[in-house]
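Below is the sequence, then the predicted model.
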Amino acid sequence: MTTSTATATMNIAILASGSSGNSLYIESEQKKILVDAGLSGKKITSLLAEVGRKPDDLDAILVTHEHRDHIHGVGVMARKYKLDIYANEKTWAAMDPMIGNVPLEQKQIFEMGKVLTLGDLDIESFGVSHDAAAPQFYSFHKNDKSFVMLTDTGYCSDHVRGVIRNADAYLLESNHDLEMLRMGPYPWNLKQRILGDHGHLSNEDGALVAADIIGDKTKRIYLGHLSKENNLKELAHLTMENTLREHDLGVGYDFDVYDTDPDRACELFSL
């Protein structure tokens, strides 16, 4: 299901996804953007090279929220490559002391619930339920194509489901297997946090969200933000595919399910 990048509306690569660090690359004819930079600048440069891209060509970084696994390399990348950083005001207030000095002209506000146009991309922001200052994720639109990223949320509201329904491709959270989390080594208060409304979607919950939002246009679902301690790729993948089949959805026919990795970039794909 590989599409020629020469005729694509958008090219996308999930550079890293997991509790140790998150970053995504998306490009159109006019813009090249990172969403989050939750690893070192050196590691992000290496991950970009895996998909044949260079940080020198980037235009901007969008930030979802201020947790370290999403902003670790934001300041370094912005300073070195003179990149604009986009985040909402509350995220900026929380993030600013954590990323070092960034020139004022590179600090851009992108408020929740708004649409930002960067070149030929329209980017819609939407709020999620997570224990951060004002976490928001993004839906990218160009022509009739759309890509949605939704991780780091304890639940998915009806409003968000409406915003993100029937995209061409998704990055969706499959953070933990419920039994692995319950029986695992985490202290009880951390387990409660992950299981709560401001935590993370389990494999089961993520799969149920997917069953509700995918539509005729949907071709790709990527499973993201898997916990190293409380999940396995095989479990997340099986849960997603089985749930979608139970809802009579065409896994492997109408669309495919893909894994992501915390240390390796996924292959660049095109819409």
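On my side now, so go ahead.

which SSE is Lys228 in?
Following DSSP states H and E, there is no helix or strand that holds Lys228.

Any figure for the gap between it and Ser202?
15 Å (C-beta to C-beta, to the nearest Å). In this view, the C-beta of every residue, glycine as well, is placed from N, C-alpha and C.

Which one of the two is surrounded by more residues?
More crowded of Lys228 and Ser202, by other C-beta atoms under 10 Å: Ser202, with 26 against 10.

wait, the more buried one sits on Leu178?
Yes: in this structure Ser202 lies within contact range of Leu178 using C-beta atoms under 8 Å: 5.3 Å.

what residues are shared contacts of those two?
Counting by C-beta atoms under 8 Å, 6 or more residues apart in numbering, the shared contacts of Ser202 and Leu178 are Leu195.

Quick check: beta-bridge partners of Ser125?
When bridges are called by DSSP bridges, Ser125 pairs up with Tyr138.

quick one, what contacts it?
Contacts of Ser125 (C-beta under 8 Å, 6+ apart): 88, 110-116, 136-138.

try Leu47
By C-beta under 8 Å, 6+ apart, the neighbours of Leu47 are 15-16, 23, 39, 264-265.

6 Å instead?
15, 265 (C-beta atoms under 6 Å, 6 or more residues apart in numbering).

same question, Tyr170
148, 221.

Helix or strand next in line after the helix or strand where Thr243 lies, which one?
In this structure, Thr243 is located in helix 233-246 according to DSSP H and E. Remark: after helix 233-246, the chain's next helix or strand is strand 256-259, criterion DSSP H and E.

same question for that following strand, mean pLDDT?
Confidence for strand 256-259, expressed as mean pLDDT, is 98.

contacting residues around stretch 50-57?
13, 32, 45, 48, 81, 265, 268.

Give me the pLDDT for the third one.
We note a pLDDT of 98 for Thr45 in this prediction.

Thr7 too?
The model's pLDDT for Thr7 equals 61.

just Asp144 next, same as before
For Asp144, the model assigns a pLDDT of 95.

Can you get me a residue count around it?
9.

swap in Glu229?
Glu229, neighbours per other C-beta under 10 Å, totals 11.

And the strands in the stretch 151-271 of the chain, which stretches?
With DSSP state E, counting those that start in this stretch as the criterion, the stretch 151-271 of the chain has strands at 169-173, 220-224, 256-259, 269-270.

hmm, who's touching the third one?
It refers to strand 256-259. 221-223, 233, 240-241.

Go through those residues and say which is closest to His198.
Within those, proximity to His198 (C-beta to C-beta) peaks at Leu223, which comes in at 21.1 Å.
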